[in-house]
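Student: What follows is a protein structure lacking sequence information:
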């Protein structure tokens, strides 16, 4: 039976709106919402291909009760129904203030869990290996469970039972989180309350990639536009230096991303790196990363600038080692250019190199991924980040698909993408790498994930901290966000700069003031450590 749409009816004694939880879960099965079921209408009016999802939620005797019934009608048959009921203890009243699951979170989770289970039974399919988890950072849940004293097997069991993850995914993120514990602040390691990381965003690229929806811009040809940006971001950096010194903060990692930071002229890049190094680097700074993702953005002079200012980690992001695909996705360089730049950075003595690869790019096959990973293994970087293609709103790829310039048939299907990831993973194993961080995005092929792999003792600390959100990250530049994390309960407050460069420059004073207030709230009343 092909399911096209669902109607809904809700009886929620708690007053909690569960419609979004139902809708999001049905979306995973590509079933659209058709609206509310007419009051008093009999099930006999339900047409083949349509479902009725009835939700009932109540709280009694310190327990939460959720009941989901899905009714359907097969061709030539009378209406049928499947029902799933769940009961859990009421969470403590202060759960939300301690960043644990509160009543609203519990109810919505149980609704998603029940709907997912019923849809798996009804369709006989499982398009969601990550169960009901929809967030970017699934490992955050694991850290909360580890905080409660659970061990590996207990965590994986809870993820399978309470979040419907496939066992392999539960084991994957549990292992990653346990690996991260020495780096991530936890109840046994809360002494680093004044340790932060710094992110500097440079929004320019030589050209825009087909799949990209990041707030990046083509490098302007007019010097006055570049100079206006440089003046604004210099103010931003200096303001942050003052805050770091005012509150006696210790900088653990510095990450310069974008865009492609190496799109800037060597002299401009040198000026920024000098300011950043002298302003933030201290005895506890272990990592200084610059993204140099595009070979057409970097040359010998810029590599020397990176070396001169002590950059110890560079990210070169080919995404693929197939010339045909590089052209298709809007890159203005060749595979040989990637190989040449990699060799030059190696000769410069920069110790850690990351390379990004995307599975599911237009026109690629499992054989293409095999060849890409073979070439990357020969280069032997310290880190590889293996992405699954995400169809992002605002990307040129999505525009091409919507306009008919490209067809969905031009993209590898879920089975091919999974085979590509499996092929890549075999090379990762041969390179003696372990998974050290993971995140997910909406509209990923096969509802899969992005995983960062590293050789022993080469994990990117910034990547771990930005994903697990247990350390304050101070953001500088357009589209950068500052996330101030309280070590008492891991709750965070944020402030964000404008994505648009012109708006960022125009309103720089507003953003600096908002960040000042945010960090003053967290650190201003603390005694000096």
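Tutor: Received the coordinates, thanks. Everything numeric here is computed off the predicted structure, so don't read it as measured data.

Student: show me the contacts for residue 325.
Tutor: 319, 361, 362, 363, 364, 368 (CB atoms under 8 Å, 6 or more residues apart in numbering). Placement of C-beta: from N, CA and C, glycine included.

Student: hmm, which of those are the buried ones?
Tutor: Listed as buried from the contacts of residue 325 are 319, 361, 362, 364, 368; burial here means 16 or more other CB atoms under 10 Å.

Student: List the residues that contact the third one.
Tutor: Shown here is residue 362, whose contacts under the criterion CB under 8 Å, 6+ apart are 210, 325, 328, 329, 397, 406, 410, 411.

Student: Could you measure from the first one over to residue 217?
Tutor: The one in question is residue 210. Separation of residue 210 from residue 217 (CB to CB, to the nearest Å): 16 Å.

Student: on that earlier part again, now for the contacts of residue 325: which two are most distant?
Tutor: 319 and 363 (13.1 Å; CB to CB).

Student: for the contacts of residue 325, which one is nearest residue 178?
Tutor: residue 319 (30.0 Å).

Student: remind me which residues of the stretch 51-200 of the chain are low pLDDT?
Tutor: Across the stretch 51-200 of the chain, the ranges flagged by pLDDT under 70 are 95-99, 190-191.

Student: Swap in 90 and give it another go.
Tutor: 60-61, 74-78, 91-102, 125-128, 134-135, 185-193 (pLDDT under 90).

Student: Tell me where it has strands.
Tutor: Ranges of strands in the stretch 51-200 of the chain, per DSSP state E, counting those that start in this stretch, are 63-72, 80-89, 195-202.

Student: would you list those in TSV and tack on mean neighbour count?
Tutor: Listed next are the strands of the stretch 51-200 of the chain as TSV, based on neighbours: other CB atoms under 10 Å:
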stretch	mean neighbour count
strand 63-72	20
strand 80-89	14
strand 195-202	25
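
Student: Quick one: closest of those strands to residue 267.
Tutor: Residue 267 lies closest to strand 195-202 among those, at 14.5 Å (CB to CB).

Student: how far does that closest one sit from the chain's center?
Tutor: What separates the centre of strand 195-202 from the centre of its chain is 17 Å, taken as CA atoms, centre = their mean, to the nearest Å.

Student: which helices and strands sit right next to that strand?
Tutor: helix 223-246, strand 250-258, helix 266-280, helix 461-468, strand 472-476 (3 or more CB pairs under 8 Å, 6 or more residues apart in numbering; DSSP states H and E).

Student: who touches the longest one?
Tutor: In this case it means helix 223-246. 196, 198, 200, 202, 219-220, 249, 251, 264-265, 268, 271-272, 275-276, 279-280, 474, 476-477, 497, 501, 504-505, 508, 511-512, 515-516, 519.

Student: Output the contacts of residue 325 in a markdown table; the columns should cover pLDDT.
Tutor: Converted to a markdown table, the contacts of residue 325 look like this (pLDDT from 0 to 100):
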| residue | pLDDT |
| --- | --- |
| 319 | 94 |
| 361 | 93 |
| 362 | 92 |
| 363 | 91 |
| 364 | 94 |
| 368 | 97 |
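
Student: Identify the residues contacting residue 156.
Tutor: 167, 170, 171, 174.

Student: Next step: the buried ones among the contacts of residue 325 restricted to helices.
Tutor: Assigned to helices by DSSP state H, the following of those qualify: residue 368.

Student: residue ranges with poor pLDDT in the stretch 401-529 of the chain?
Tutor: Counting by pLDDT under 90, the ranges of the stretch 401-529 of the chain that qualify are 401-411, 414, 441-447, 487-490, 524-529.

Student: can you map out the strands along it?
Tutor: Using DSSP E, counting those that start in this stretch, strands in the stretch 401-529 of the chain cover 434-439, 450-454, 472-476, 481-485, 492-496.

Student: isn't residue 68 right up against residue 116?
Tutor: No. Taking contacts as CB atoms under 8 Å, residue 68 lies outside contact range of residue 116: 9.7 Å.

Student: any idea how far the most far-flung residue of the chain relative to its centre is from residue 42?
Tutor: In the chain, the greatest distance from the average C-alpha position (CA atoms, centre = their mean) is reached by residue 76, at 45.8 Å. For residue 76, the distance to residue 42 equals 18 Å [CB to CB].

Student: for residue 430, same thing?
Tutor: 62 Å.

Student: and if you look at residue 382?
Tutor: For residue 382, the distance to residue 42 - CB to CB - is 65 Å.

Student: Tell me which of these two has more neighbours.
Tutor: Neighbours per residue, other CB atoms under 10 Å: of residue 382 and residue 42, the larger number sits with residue 382, 20 against 8.

Student: right, and that one touches residue 350 too?
Tutor: No. Using CB under 8 Å, residue 382 is not in contact with residue 350; the gap is 10.3 Å.

Student: Now do the contacts for residue 207.
Tutor: Applying CB under 8 Å, 6+ apart, the residues near residue 207 are 218, 330, 331, 332.

Student: Filter those residues down to the ones in strands?
Tutor: Members of the contacts of residue 207 lying in strands (criterion: DSSP state E): residue 218.

Student: which residues does residue 130 contact?
Tutor: Residue 130 neighbours (CB under 8 Å, 6+ apart): 138, 165, 166, 169, 440, 447, 449.

Student: Could you report the separation of it from residue 390?
Tutor: Computed as CB to CB, the residue 130 to residue 390 distance reads 14 Å.

Student: Same check on residue 39?
Tutor: In terms of CB to CB, residue 39 sits 40 Å off from residue 390.

Student: More neighbours: which of these two?
Tutor: Higher neighbour count among residue 39 and residue 390: residue 390, with 20 against 6, using other CB under 10 Å.

Student: Phi and psi next, for the more buried one.
Tutor: phi -110, psi 130 (degrees, to the nearest 10).

Student: my read: it touches residue 442, true?
Tutor: Yes. Here residue 390 reaches residue 442: they are 6.9 Å apart, a contact under CB under 8 Å.
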